[in-house]
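for reference, the sequence and a predicted model appear below.
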Amino acid sequence: MSSAQTAATGGFAYTLTRTLDAPADAVWRAWTTPAQYSRWAYAAEGSVEMDVRTGGAWKATVVTPDGGQVPLTGSYLEAVENRRLVIGMDVPGRPEPAVMTLGLHPEGDRRTRIELHQTCDTAEERDMAEQGSTMLLDSLEAFLGKES
């Protein structure tokens with residue numbers, strides 16, 4: 001896991017890397033199938049819609065620890081099955097989406113190294129996004145452990 005300021009963009013970036021005990025296709029399905037995604041990604045039941053292809057849209061309502069609900073929308077900027085997912089997240093008041101890149105790197109038949117990267121405008125946004133992404137990866141890892 002690493003955080004840094006990215007000089008080229010003037011933004012603040014983080015990268016999280018984790019090796020999961022699941023094949024890349026299982027990780028891909030967990031991230032791109034509404035029924036599976038809603039089971040580990042803190043989404044309200046029935047709120048997840050995904051058109052997983054380059055240019056396709058997605059939406060979900062996240063349930064916060066205090067019970068609040070936050071609707072999220074966006075699009076897939078790139079989708080390469082079992083390898084790479086570039087997710088655009090709509091941010092109110094910003095003309096361009098926030099972009100998160102998810103890379104899947106198979107390590108043998110049963111393990112996958114997942115690399116999640118995002119660049120944010122401020123250190124505070126980066127810290128919040130990194131914390132949220134860490135929680136997502138923790139939950140994904142637990143979900144995949146139950147599925148195997």
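Alright, I've got the coordinates.

going forward, measure contacts between C-alpha atoms and count neighbours the same way
OK.

for residue 106, give the beta-bridge partners.
residue 112 (DSSP bridges).

list the contacts for it?
Residues counted as contacts of residue 106 (C-alpha atoms under 8 Å, 6 or more residues apart in numbering) are 23-24, 112-113.

farthest pair in the residues you listed?
23 and 113 (9.4 Å; C-alpha to C-alpha).

I figured residue 99 hits residue 89, correct?
Yes - applying C-alpha atoms under 8 Å, one finds residue 99 in contact with residue 89, separated by 6.2 Å.

tell me which stretches of this structure form helices.
Under the criterion DSSP state H, the chain contains helices at 24-32, 34-40, 123-147.

any stretches of this structure with poor pLDDT?
The chain contains residues with pLDDT under 70 at 1-10, 148.

need the longest strand for it.
Identified as the longest strand of the chain according to DSSP state E is strand 69-80.

which strands or helices does that strand pack on?
strand 57-63, strand 84-89 (3 or more C-alpha pairs under 8 Å, 6 or more residues apart in numbering; DSSP states H and E).

still on that earlier bit, which among the helices of the chain is found nearest to residue 14?
Nearest of these (C-alpha to C-alpha): helix 123-147, 6.6 Å.

show me the contacts for residue 52.
32, 58, 76, 79.

so residue 86 touches residue 57, yeah?
No - using C-alpha under 8 Å, residue 86 is not in contact with residue 57, being 11.9 Å away.

what sits in contact with each of those two?
Joint contacts of residue 86 and residue 57 (C-alpha under 8 Å, 6+ apart) are residue 76.

now the contacts of residue 52 in JSON lines, with distance to residue 130 and neighbour count?
As requested, these are arranged in JSON lines below (distance: C-alpha to C-alpha, whole Å; neighbours: other C-alpha atoms under 10 Å):
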{"residue": "32", "distance to residue 130": "20", "neighbour count": "21"}
{"residue": "58", "distance to residue 130": "21", "neighbour count": "20"}
{"residue": "76", "distance to residue 130": "20", "neighbour count": "21"}
{"residue": "79", "distance to residue 130": "22", "neighbour count": "18"}
